[in-house]
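>>> give me a 3D structure for the following:
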Amino acid sequence: VFCSSRVCYNSILSSRDYQLFQGLFESLKIKEAIRYSTIDECSEWLMKNDAIPDVRTIVLDYLKGANNQKKNRCRIHEGKLKDSLLLVDEVDVLFGNGFYGKSYSPGIMIEESIE
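Numbering: from 1, shown residues only. Okay, here's the model as predicted:
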C-alpha cells in the first residue's frame, strides 16, 4: 500500500478537498494512507518522522559544536516512507511569482546557554 501526501499552498483549500473526498477514502479503506497538508506542514511532518533532516536540530547541534552527520542523513528511501507518493495541488500557484523561490524558514528558540 502506497501512502499519498497531497500538498497545497493553502490550508483552507487543503482541508476543503480532504473533506470532499473523505467518504471515498473511508469506503476504499485507505483513509490512513492519505495525508492532506500545506507544503510547510508536509515539511514539518517529514522532519518529525526523520524522513528529512531536522533543520532546527542541525543548527542547534552546530551551535553546540556537535557533529551528527549520521543523524542528519536523509532517510526518505528507508523504512515506511519508501512507498510514498507526493501530489502537488495548485501547481500553477506553486510555480508562480508569489511562491516559487520563496524560502522555508523554520525557527528555533535556544533556551540554554551554548558554550
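>>> what's the longest helix in the chain?
Ranked by number of residues, the top helix in the chain under DSSP state H is helix 11-27.
>>> in that one, what counts as buried?
Residues of helix 11-27 classed as buried by neighbour count (16 or more other Cβ atoms under 10 Å): S14, Y18, F25. Backbone N, C-alpha and C define where each C-beta goes, glycine included.
>>> skipping its backbone neighbours, what lies nearest the last one in space?
When you say that, I think you mean F25. K31 (4.3 Å; Cβ to Cβ, 6 or more residues apart in numbering).
>>> backbone phi and psi for the one you found, please?
Per-residue torsions, K31: phi -60, psi -40 (degrees, to the nearest 10).
>>> quick one: least confident helix or strand in the protein?
helix 91-94 (a mean of 76; mean pLDDT, DSSP states H and E).
>>> export it as PDB, just CAs?
The C-alpha trace of helix 91-94 is given here as PDB (Å, rounded to 0.1, in the frame of the first residue of the first chain):
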ATOM      1  CA  VAL A  91       0.900  23.700  -9.200                       C
ATOM      2  CA  ASP A  92       0.300  26.800 -11.200                       C
ATOM      3  CA  VAL A  93       0.400  28.900  -8.000                       C
ATOM      4  CA  LEU A  94       3.400  26.900  -6.700                       C
END
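>>> any chance you could map the helices in the protein?
11-27, 39-48, 55-64, 91-94.
>>> quick one, what contacts the residue lying closest to I108 once chain neighbours are set aside?
Spatial nearest neighbour of I108, chain neighbours left out: R56 (4.1 Å); criterion: Cβ to Cβ, 6+ apart. By Cβ atoms under 8 Å, 6 or more residues apart in numbering, the contact list for R56 reads M47, P106, G107, I108.
>>> for R56, give its distance to D50.
Going from R56 to D50 by Cβ to Cβ, to the nearest Å gives 13 Å.
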